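Trainee: Predicted model follows, preceded by the sequence.
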Amino acid sequence: MAGRQGRRGLTVSTLGFAMLLGIASGVVWIGSSRSASGSDPLAPALVAAVGKQMHQDACGSCHVAYAPYFLPADSWRAMADALPEHFGVRLHLDESERRVVVAWLLAKAADAGDSVIGAEVMSRMATSDQPRRVTATRWFRHRHLMISRSTWALPVVATPANCPACHHDAHQGIFDERSVHIPG
Ligand code: HEC
Ligand code: HEC
């Protein structure tokens, strides 16, 4: 068993942390291989405990760490499968980090059923839609219909994916109307 786990590519620090967590809260680290369905058998409590911070660290340096509920699980799965080629940039995530981040994104995805915005995103999704971007969802377009072409074209906005250009608290995951300011 130890030999099998040794080949999982876990870094010493992450494994050490997982074990610490296990001791602290009775979490069991399940190091078995991927199931046939493709779901990752990481302990849900581990994912819940460190997923948000790991996502912030791994996915929040180039752009805001887009909340999982903006896209359905299939979209996150496709994105994870496409790593390290990520929208033309190379992403360097170690395997244990990648697994936790992806498991956390899938657990909190728009179709996971535990978020109000996620439900809105899904209600506008057609069965044929396979959005690769938050900004490509019908929900995003609908929610931002009031923004003019000239606003989108402003250099300070640059791309609709640049949420903080208008949502000043986007880095904290806050998108309510009090923190929106359309530039120009
Ligand atoms: C090295 C920089 C970098 C890191 C780190 C990074 N991304 Fe990206 N990401 C990009 C670039 C560049 C784009 C394309 C931006 C654009 O076209 O406006 C992008 C786009 C995206 C989009 C689509 C945005 C839209 O238009 O709706 C999502 C979703 C996304 N990234 C998720 C992630 C996730 C999840 C991670 C962590 C696993 C991550 N990113 C880490 C550079 C990065
Ligand atoms: C050019 C400015 C601009 C950009 C860029 C932008 N938004 Fe918005 N967004 C708005 C405006 C304006 C509203 C409408 C506010 C309202 O009606 O309360 C809005 C509404 C929203 C809402 C609904 C808020 C609520 O209380 O229901 C969400 C969520 C949201 N945006 C997310 C995003 C995300 C995620 C991004 C980046 C991928 C983004 N926005 C990029 C301007 C922008």
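Mentor: Received the coordinates, thanks. Numbers count the residues shown, from 1 in each chain. Ligands and ions are numbered 1, 2, ... in the order given.
Trainee: packing partners for the helix of greatest length in the chain?
Mentor: In the chain, taking DSSP state H as the definition, the longest helix is helix 44-59. Counting contacts by 3 or more C-beta pairs under 8 Å, 6 or more residues apart in numbering; DSSP states H and E, helix 44-59 packs against helix 12-25, helix 95-107. Backbone N, C-alpha and C define where each C-beta goes, glycine included.
Trainee: Tell me which residues touch the closest residue to Ala78 other than its chain neighbours, please.
Mentor: Nearest residue to Ala78, sequence neighbours excluded (C-beta to C-beta, 6 or more residues apart in numbering): Arg132, at 6.7 Å. Arg132 makes contact with 75, 78-79, according to C-beta atoms under 8 Å, 6 or more residues apart in numbering.
Trainee: Let's see if you can find the most crowded of the residues you listed.
Mentor: In terms of neighbours by other C-beta atoms under 10 Å, the contacts of Arg132 top out with Ser75 at 24 neighbours.
Trainee: Might one say that it is in contact with Thr135?
Mentor: No: with contact taken as C-beta atoms under 8 Å, Ser75 and Thr135 are classed as non-touching, separated by 12.0 Å.
Trainee: Could you give me the buried positions within stretch 146-161?
Mentor: Judged by neighbour count using 16 or more other C-beta atoms under 10 Å, the buried positions of stretch 146-161 are 151, 157, 160-161.
Trainee: Cross the residues you listed against helices and list the overlap.
Mentor: Residues from the buried residues of stretch 146-161 lying in helices, with DSSP H as the criterion: Thr151.
Trainee: Tell me the one among the buried residues of stretch 146-161 nearest to Leu105.
Mentor: When the buried residues of stretch 146-161 are compared for distance to Leu105 (C-beta to C-beta), Ala161 wins out at 16.6 Å.
Trainee: ok, back up a step: mean pLDDT for the helices and strands packed on helix 44-59: which is lowest?
Mentor: Mean pLDDT is lowest for helix 12-25 out of the helices and strands packed on helix 44-59, coming in at a mean of 40.
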